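Trainee: Model the following, please.
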Amino acid sequence: MVKVTRGVEIDDGEIQFDFVRSSGPGGQNVNKVATAVQLRFDVANSPSLPDEVRERLRRLAGRRMTSDGVLVIDARRYRTQERNRRDAVDRLIKLVARAAAKPKRRKPTRPSRASRQRRLDEKRKRGDVKKQRRTVGKEEP
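Mentor: Numbers count the residues shown, from 1 in each chain. Okay, here's the model as predicted:
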């Protein structure tokens, strides 16, 4: 079980790992060992996620989500398969935790009377400054 938040836990069986060869650091091993990790998590069919978390996760994932509703996280930062796997799981946890956090509802507010008055006074002053810069008329020689 991968614990994300108090209410959300993901079963290990729902996460699939694919290992591929990685470009980048690795020295001579880079052409022989599959160290890059592709984590796949089926968001659309996961029983672990509540519906509202699933919907927010779909919006947050963006291009990382396939049309079938599978989240793909590509981890190739490190030289070892184990560290890349850990990195992929950590990134999944962070993404799901962000989706699990309910966004605060915006309370509509209105500007106070004093702030509206200050704004209008400032606009009037600015207009007066600009008016002073104008030329009065053309002088004839």
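
Trainee: hmm, who's touching the strand or helix carrying residue 84?
Mentor: When secondary structure is defined by DSSP states H and E, residue 84 falls within helix 81-100. Helix 81-100 is contacted by residues 2, 4-5, 7-8, 10, 15, 17, 19, 22, 33-39, 41, 49, 53-54, 56-57, 60-61, 71, 73-78 when judged by CB atoms under 8 Å, 6 or more residues apart in numbering. Where you see a C-beta, it was placed from the backbone N, CA and C, and this is true even at glycine.

Trainee: Downstream of it, the next helix or strand is which one?
Mentor: Helices and strands here follow DSSP H and E; after helix 81-100, the next one along the chain is helix 113-133.

Trainee: what's that next one packed up against?
Mentor: For helix 113-133, there is no helix or strand it packs on, judged by 3 or more CB pairs under 8 Å, 6 or more residues apart in numbering; DSSP states H and E.

Trainee: quick one: average pLDDT of that helix?
Mentor: The pLDDT scores in helix 113-133 average 95.

Trainee: ok, now stretch 91-109?
Mentor: In this model, stretch 91-109 carries a mean pLDDT of 86.

Trainee: Which residues does residue 9 form beta bridges with?
Mentor: Under DSSP bridges, the beta-bridge partners of residue 9 are residue 3.

Trainee: Please tell me the pLDDT value assigned to the residue nearest the centre of the chain.
Mentor: Taking CA atoms, centre = their mean, the centroid of the chain lies closest to residue 60, which sits 5.5 Å from it. In this prediction, residue 60 carries a pLDDT score of 84.

Trainee: Same question for it, what's its three-state structure.
Mentor: Using DSSP: H, G, I helix; E, B strand; the rest coil, the three-state assignment for residue 60 comes out as helix.
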